[in-house]
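Colleague: Next input, structure requested:
(chains A and B)
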Amino acid sequence: MSAIINASRRGFLKTSALAGGGLLIGFTLPGAARLAHAASEFKPNAFIRIGSDNQVTVICGLSEMGQGVHTAIPMLIAEELDADWSKIKVVQAPVDQAFNNPAFGMQATGGSTSVRGHWEPMRKAGAAARAMLVAAAAGKWKADQADCRTEQGMVVHKSGKKLSYGQLADAAAKQPVPAEVKLKDPKDFRILGKAAKRLDTPPKVNGSAKFGLDVRLPGMLIAVMARPPVPGGKAVSVDDSKAKAIAGVRQVIQLPSGVAVLADGYWAAKQGRDALAVKWDDGANAALSSDGISKMLAEAAAKGGVLARSEGDASATAAKQIEAQYEAPYLAHACMEPMNATAWVKPNEIEVWAGTQSQGPAQGILGQVGGVAPGKVKINTMYLGGGFGRRFAPDFAIDATLLSKISGKPVKLVYTREDDTKAYFYRPASVTRFVGGLDASGKAVSFSARVASPSIMEGSHFMKIPADGVDTFAVEGIRDCPYSFPSLRVEYARQEPGVQVWFWRSVGHSQNIFFIESFVDEMAAAAGKDPYQFRRELLDKQPRYRGVLDLAAQKAGWAQPLPAGMHRGIAVGQSFGSYVAEVAEVSVGKDGKVKVHRVVGAVDCGMTVNTEIIKRQIESAIVFGLTAALYGKITFKDGKVEQSNFHDYPMLRIDEMPKVEVHIVASTEPPGGIGEPGLPPLAPAVSNAVFAATGKRVRKLPFDAAELKQA
Amino acid sequence: MISLSVNGKKISVNDSPDTPLLWVLRDTLGMTGTKFGCGVALCGACTVHLDGKPVRSCSTPVSAAVGKKITTIEAMAANPVGKAVQAAWVKHDVPQCGYCQSGQIMSASALLAQNKKPSDADIDAAMSGNVCRCGTYNQIRAAIKDAAQSMTKGA
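Modeller: Numbers count the residues shown, from 1 in each chain, chains lettered A, B, ... in the order given. Below you'll find the model as predicted:
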């Protein structure tokens, strides 16, 4: 997280274009364009518009990808504005510095930063507007401001007279913007910490919500591309005669990233793409294989690497030593909406429509791609049909812009599901080797971990591994191990098999908390202790970890017996500033198939914005984590990705969905993130339950039914 | 020219007969409420009704829809079952990213049109062809049961 926050916007621009073919990006800040506004509106700042009809419009610079930010940001504003929630609507902002995410210093959505970054700025924006409305009312009434209060979109004088915000809009617009505002004491919150309905639900149930793929422009062509089947490969020759013979196909264009067929519609473009005969030079990765990658990572983990953390005396002797190697695969994001973008490059300006998590930096990148100043790039952020980190990458927008520039037409570039699955930007594969020591009484005395994994920081092209040589993401969840081990050592060995890696929901925590929480379970078993109590004792200095662990255990009835055949596992983790513990109830069939019946989660995410969205995001992350644990793997053979669509990269379905309960710890701590922290503890909770059921320890994801089969 | 009945309207299109119905709806007719997810009938995002039965429009050639009533998400509010399902979806705030929800609502509406009181097993059978990557399955189940109840009450 800190690494993300420190990433410079300049660095992102300079290098993320590499993903799209090695362009070097010059960079200037976009002009501080003002939003167009009507005369009858009160516009206290970039985020709020109040019309004479009492409508309050919140302009949100963050991307809505299901995480609920188009509801959370309006709630932050509405709280301090004392708005009538039924009069709130939300619209997507253009790219403007006013909408920079304070956590990143650029306009982008990710890293579970939205509420953390905007908790104060958005409340201040609402409070400033409120102060101006109060001043306007006091002026009209010739009253003292101290005798005025606000509630539900009204300023109310102590005498009982009232004016609505709409009635005050004109007068409020003439008030000076206050330099300082006082924020509410959280105990006085009326909207925050409750369960407001999502503002984006109505258009999402009647087909009217517009995602990137739904963009239609007059004269637009649809593009589908053939990409190198091996990472780093290049097209040597292209025979497009069959493609061009297909009705509706208009043009074939070769880009650094592949060969595009442009047609009147998707179907012709896809048929045209399939009819291309491309000869590829597979390059240096032609022999890439998952077995080879596993071996490479395992050897590095055995050897060790640079020091990430060291505490206590590593030479302390242990009566009992346990050792284990864990492995996690590459994973694709599999957003339901395949990657796509629409671009229209005109002589001196570019307009782009995309579901993107990184519209701020994209503005500079696409300006460079299309040959115009960043201020001449207009980006329309559409609803994202899933993001999960994938839509932080600029590949689809870069290629759409190039295709529009070359063809001279508006172009919508569409990835097929197979293209999307095979397009890299994967969660990195990783291997970690642990050694744990116990004394004669079963007390943990030492812990060491050697992590071998590619670097997302370097792979992102907009960050750098810090001076200590440790990729923050590769070790997160292990380096910050919360347990009181008297001796603790973590090392990182960077290995680069040659695959483009990327941020995937919860990033390094997604595999590392599986590793550490499974291994701690192994230590508990070796010590002959209850896995919940073993953790609890080692979390003596970690009240927030212990808080969620205790709550999850209590709500799951940890001490209560389960029906025959059912088994429990527990795990805990902190990521993105929030603490989550989960207890999974699991059965394992004779065929080795793992079924998860119920998951009880406890979350401490500090002060809450929307309790229902918090619960849904934890549940969503549980499904995402369970899908990965049961099925998720991207594998390579002869340089090629072996998976393509949902038959070989399966998703959890409704008939496999466990019951989920989520409990929230009451807290006055600053808010933590919520889109990601529910994911990491899921796989170890399930795996630890599988151990309870079978006595077999799963050290490599996804679960393999053949290995769990009972003789 | 191919003659179709889409949401009660007679429409003629010029697409080749093997074009999947999905792309006729989305690209030719501009009806983008029906979504593209996988192209091979594995995810259900493209679900529409043909004579009231749920079909995956990504894998249904437009020629197979000739002579049948095509109903899409855009017409669900005008259908008593669809309306009840949409109301339940709103009540339970089911969607997250929302991309799969057109297909989910089409599958759920087809189920409830046939089965006024679906069991959990009925819901599993009717809905397991629809993937939701955000994991809204428990809310989908609750909303289907709610819609079933509201329809019974309303009847």
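Colleague: Apart from its chain neighbours, what residue comes closest to the one residue in chain B that gets nearest to chain A?
Modeller: Taking C-beta to the nearest C-beta, chain A has its nearest neighbour within chain B at B:Gly33, 2.1 Å off. The C-beta positions use only the backbone N, C-alpha and C, and glycine is treated the same way. Spatial nearest neighbour of B:Gly33, chain neighbours left out: A:Gly207 (2.1 Å); criterion: C-beta to C-beta, 6 or more residues apart in numbering or on different chains.
Colleague: For B:Thr32, give me its contacts.
Modeller: Neighbour list for B:Thr32: A:Gly207, A:Lys210, A:Leu213, A:Asp214, A:Arg216, B:Arg26 [criterion: C-beta atoms under 8 Å, 6 or more residues apart in numbering or on different chains].
Colleague: ok, now how distant is the second one from chain B?
Modeller: In this case it means A:Lys210. 7 Å (C-beta to the nearest C-beta, to the nearest Å).
Colleague: Provide a list of residues in contact with the nearest residue to that residue once chain neighbours are set aside.
Modeller: Of all residues not flanking A:Lys210 in the chain, A:Met382 sits nearest, at 5.6 Å (C-beta to C-beta, 6+ apart). The contact partners of A:Met382, taken as C-beta under 8 Å, 6+ apart, are A:Gln92, A:Lys210, A:Phe211, A:Gly212, A:Asp214, A:Val215, A:Trp353, A:Ala354, A:Gly355.
Colleague: For the second one, give me its contacts.
Modeller: Going by C-beta under 8 Å, 6+ apart, A:Lys210 touches A:Met382, A:Tyr383, B:Thr32.
Colleague: picking that back up, output the contacts of A:Met382 as a markdown table; include the columns distance to A:Gly110.
Modeller: Output for these, formatted as a markdown table (distance: C-beta to C-beta, whole Å):
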| residue | distance to A:Gly110 |
| --- | --- |
| A:Gln92 | 16 |
| A:Lys210 | 22 |
| A:Phe211 | 18 |
| A:Gly212 | 17 |
| A:Asp214 | 23 |
| A:Val215 | 22 |
| A:Trp353 | 20 |
| A:Ala354 | 15 |
| A:Gly355 | 13 |
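Colleague: Tell me which of those fall in strands.
Modeller: Members of the contacts of A:Met382 lying in strands (criterion: DSSP state E): A:Gln92, A:Trp353, A:Ala354.
Colleague: which one of those residues sits closest to chain B?
Modeller: A:Trp353 (12.5 Å).
Colleague: Can you check the pLDDT for that closest one?
Modeller: A:Trp353 carries a pLDDT value of 98.
Colleague: Make sure it is actually in contact with A:Ala362.
Modeller: No: the pair A:Trp353 / A:Ala362 is not scored as a contact, 11.6 Å apart, by C-beta atoms under 8 Å.
Colleague: Overlap in contacts, these two.
Modeller: With C-beta under 8 Å, 6+ apart as the test, A:Trp353 and A:Ala362 both reach A:Ile379.
Colleague: in the chain, which helix has the most residues?
Modeller: Because you didn't say which chain, this covers chain A. helix A:114-141 (DSSP state H).
Colleague: I was thinking of chain B, sorry if that wasn't clear
Modeller: helix B:137-154.
Colleague: any idea which helix or strand carries the closest residue to A:Asp214 other than its chain neighbours?
Modeller: Of all residues beyond its chain neighbours, the one nearest A:Asp214 is B:Thr32 (3.8 Å), with distances taken as C-beta to C-beta, 6+ apart. Here B:Thr32 is covered by no helix or strand, with elements defined by DSSP states H and E.
Colleague: pLDDT wise, what is B:Thr32 at?
Modeller: Looking at B:Thr32, its pLDDT stands at 98.
Colleague: and it, how far is that from B:Ser102?
Modeller: Per C-beta to C-beta, to the nearest Å, B:Thr32 is found 9 Å from B:Ser102.
Colleague: Between A:Trp353 and A:Ala362, tell me which one has more neighbours.
Modeller: A:Ala362 (33 against 27; other C-beta atoms under 10 Å in any protein chain shown).
Colleague: Quick check: next helix or strand after the one helix or strand the more buried one maps to?
Modeller: Using DSSP H and E, the element containing A:Ala362 is helix A:359-370. Following helix A:359-370 in sequence order, the next helix or strand is strand A:377-381 (DSSP H and E).
Colleague: Report all helices and strands that that following strand contacts.
Modeller: Secondary-structure packing of strand A:377-381 (3 or more C-beta pairs under 8 Å, 6 or more residues apart in numbering or on different chains; DSSP states H and E): strand A:350-354, helix A:359-370.
Colleague: most packed of those?
Modeller: Neighbour counts (mean count of other C-beta atoms under 10 Å in any protein chain shown) averaged over each of those peak at helix A:359-370, with a mean of 28.
Colleague: residue contacts, the closest residue to chain B within the stretch 601-711 of chain A?
Modeller: Nearest to chain B, among the residues of the stretch 601-711 of chain A, is A:Val623, at 2.6 Å (C-beta to the nearest C-beta). Taking C-beta under 8 Å, 6+ apart, we find A:Val623 in contact with A:Leu652, A:Met657, B:Cys134, B:Gly135, B:Tyr137.
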